[in-house]
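K.L.:
Kindly generate the corresponding structure for this input.
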Amino acid sequence: MDEQTASGPAAENWREKRRYIKYHARRLVGRSILPNFRVALIVVAVGTLTGYIAQSYNPAAMGLSERFYVFAMSPSPDVLAYVRDIIGVYLALGPAAITALILIFVLSTFLEAPLEIGAASFFNRQAASSLSDPPLRAREVFAWYLKAQAFLRAFTLKLMVWVVTAAACVLFFAGPVLAFCLIMNDSYDMIMTDAAAASHAWEFLGLVLIFAAAGILLSALLQALIPAPYLLAGDPSLSAFRAIALSARLMRGHKWELLIFRLSFLPWDILVVLTMNIAAMYAMPYMQTCTALYVKRLATDAGLPIPGAYAQLPSESPEENRD
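P.N.:
Numbers count the residues shown, from 1 in each chain. Okay, the predicted model is just below:
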């Protein structure tokens, strides 16, 4: 596949490019399967550890679970009462417990953020390597823990992405949840029969649509942030804000393309869940390498001045690579 075909705007050219990226990623992962396995094991282990800490040392977890069960099993769920119950659970904890929750979140982010950028750096270098290069070393994923400035940039980027993700989830799901509760609530019949209440209902549904639209916009923004860890890993001198700005610039006109690309890995995601993360030992390096190759190609096509990791992809076709 030549460079002109790889960067063409037609859908057929994009399908060819996607096939080639996946093919090249499989070869890169296959030539150094043990380092990739170790990186996946490290990432999964740290993610499991932070999840366990957050769940086990969350004093509100039991109360939240009980209230969600009552809310979900109620024949006429009252979402406002449920929100008041959640707020009540946290208020009942007291300042010390709330401070502990914040510290647990900060600790989890401190553990995960440098590792995420370190893994992105590993897969950037793997994507930039040729099949004849010596395999990378898994311990390179810890490099972002060793320098304070790099550590702070990784933490800031993770925190910013987390805030946008949380806002997108709340806004995207708030509308459907509120609409569902409106329909299921006993007051629905009253709303449909009373003209004044029906007017308020239309206002409420309009608010739901506004929430949904805001959620979609934030989801698009979140899609634009996906290359940010790879850009920061490719140039550690970038600030977190600069990495996000470059990521947004890079993804102009490519958000839908990247979404389809990521959805093509859905069978792997299902397999990871069914095997309780065992399949992630291969799936995670494969998908991360594919994403690094995709970001590399976009950065090359856009002419972004990112030093280090963003050389051109090999131009040979899958058929020429089979020898």
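K.L.:
Sketch out the low-pLDDT regions of the stretch 1-150 of the chain for me.
P.N.:
Low-confidence segments of the stretch 1-150 of the chain, defined by pLDDT under 70, are located at 1-12, 57-80, 82-83, 87, 89-94.
K.L.:
what bits of the stretch 201-323 of the chain have low per-residue confidence?
P.N.:
Using pLDDT under 70, the stretch 201-323 of the chain drops low at 201-208, 211-212, 215, 218-220, 304-323.
K.L.:
Please enumerate the helices of it.
P.N.:
228-234, 240-250, 255-263, 266-274, 280-302 (DSSP state H, counting those that start in this stretch).
K.L.:
ok, Ser264 touching Arg18?
P.N.:
Yes - Ser264 lies in contact with Arg18 (CB atoms under 8 Å); the separation is 7.1 Å. Placement of C-beta: from N, CA and C, glycine included.
K.L.:
More neighbours: the two, which one.
P.N.:
Arg18 (16 against 13; other CB atoms under 10 Å).
K.L.:
How many neighbouring residues does Ser56 have?
P.N.:
A count of neighbours around Ser56, defined by other CB under 10 Å, yields 9.
K.L.:
what about it, distance to Ile104?
P.N.:
Going from Ser56 to Ile104 by CB to CB, to the nearest Å gives 10 Å.
K.L.:
do the same with Lys255
P.N.:
33 Å.
K.L.:
TSV please, covering the helices of the stretch 201-323 of the chain and showing distance to Ala128 and mean neighbour count.
P.N.:
Shown next, in TSV, are those (distance: least, CB to CB, whole Å; neighbours: other CB atoms under 10 Å):
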stretch	distance to Ala128	mean neighbour count
helix 228-234	9	28
helix 240-250	17	19
helix 255-263	19	15
helix 266-274	23	13
helix 280-302	7	22
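K.L.:
So for Leu49, which of those sits nearest?
P.N.:
helix 280-302 (14.9 Å; CB to CB).
K.L.:
With just CA atoms, put that closest one into CSV.
P.N.:
This file holds the C-alpha atoms of helix 280-302, laid out as CSV (Å, rounded to 0.1, in the frame of the first residue of the first chain):
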residue,chain,number,x,y,z
ALA,A,280,-5.8,-8.5,27.9
MET,A,281,-2.3,-9.9,28.0
TYR,A,282,-2.4,-9.8,24.2
ALA,A,283,-5.4,-7.6,23.4
MET,A,284,-4.1,-4.6,25.3
PRO,A,285,-0.7,-4.3,23.6
TYR,A,286,-2.3,-5.0,20.2
MET,A,287,-5.0,-2.3,20.6
GLN,A,288,-2.5,0.2,22.1
THR,A,289,0.0,-0.4,19.3
CYS,A,290,-2.8,0.1,16.7
THR,A,291,-3.8,3.4,18.4
ALA,A,292,-0.1,4.5,18.5
LEU,A,293,0.2,3.7,14.7
TYR,A,294,-3.0,5.6,14.0
VAL,A,295,-1.9,8.7,16.0
LYS,A,296,1.5,8.5,14.3
ARG,A,297,0.0,8.5,10.8
LEU,A,298,-2.3,11.5,11.7
ALA,A,299,0.6,13.4,13.2
THR,A,300,2.7,12.7,10.1
ASP,A,301,-0.1,13.7,7.7
ALA,A,302,-0.8,16.9,9.7
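K.L.:
helices or strands next to that helix in the packing?
P.N.:
When contacts are defined as 3 or more CB pairs under 8 Å, 6 or more residues apart in numbering; DSSP states H and E, helix 280-302 packs onto helix 11-31, helix 33-56, helix 95-128, helix 228-234, helix 240-250, helix 255-263, helix 266-274.
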